[in-house]
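>>> What would the 3D arrangement of this be:
(2 chains)
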There are 2 protein chains.
Amino acid sequence: MKASVLVRPKAGILDPQGDAVEHSLRKLGFEVSGVRVGRVIDLEVEATDEATARAAIEKMCHELLANPLIESFDVRFEES
Amino acid sequence: MKASVLVRPKAGILDPQGDAVEHSLRKLGFEVSGVRVGRVIDLEVEATDEATARAAIEKMCHELLANPLIESFDVRFEES
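Below you'll find the model as predicted:
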């Protein structure tokens, strides 16, 4: 089962990478604000149903993919 | 207007970071495959309609956010 995990800095957590991107975009003339940079991890997990897959992926997030202290994650399944 | 830009390595392009994550997940006992790591950029852009916002964001992707030679990008607007 294919899934995408979006890992983002939590609200209130400083995001220097986002600040740098925002600064650069503004220098290029774009009117943007609130830029935040996170990661997207696409993966295929062995599971027969979405609930099992979601549970496995949440475990992966806690063990490796995200730092729950400062990052939030969001699991999305692809429409097949 | 709030949007998320997903920037991913194109199919066929090597993704050492994804390979490393896949290797680590397997060592932790997870049955995963096809792991690919990209970036998610959340931003708020000054625009009155989605078409204008999308055009601006696509320009940002070509100028700064993505490397079109090796990365693909996907723009999504948040439901408000």
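>>> If I look at the nearest residue to A:Leu6 once chain neighbours are set aside, what pLDDT would I see?
If the residues on either side of it in the chain are set aside, A:Leu6 comes closest to A:Asp74, at 4.5 Å by C-beta to C-beta, 6 or more residues apart in numbering or on different chains. From N, CA and C alone the C-beta is placed, and that goes for glycine too. On pLDDT, A:Asp74 comes in at 96.
>>> I figured A:Asp74 hits A:Lys10, correct?
No. The pair A:Asp74 / A:Lys10 is not scored as a contact, 11.8 Å apart, by C-beta atoms under 8 Å.
>>> State the helix or strand in which the residue nearest to A:Lys10 when sequence neighbours are not counted lies.
Spatial nearest neighbour of A:Lys10, chain neighbours left out: A:Ser72 (5.1 Å); criterion: C-beta to C-beta, 6+ apart. If you go by DSSP states H and E, A:Ser72 is part of strand A:71-77.
>>> which secondary structure elements does that strand contact?
strand A:2-9, helix A:50-60 (3 or more C-beta pairs under 8 Å, 6 or more residues apart in numbering or on different chains; DSSP states H and E).
>>> Show me what it is in contact with.
For strand A:71-77, the surrounding residues in contact (C-beta atoms under 8 Å, 6 or more residues apart in numbering or on different chains) are A:1-10, A:13, A:38, A:50, A:53-54, A:57-58, A:61, A:65-66.
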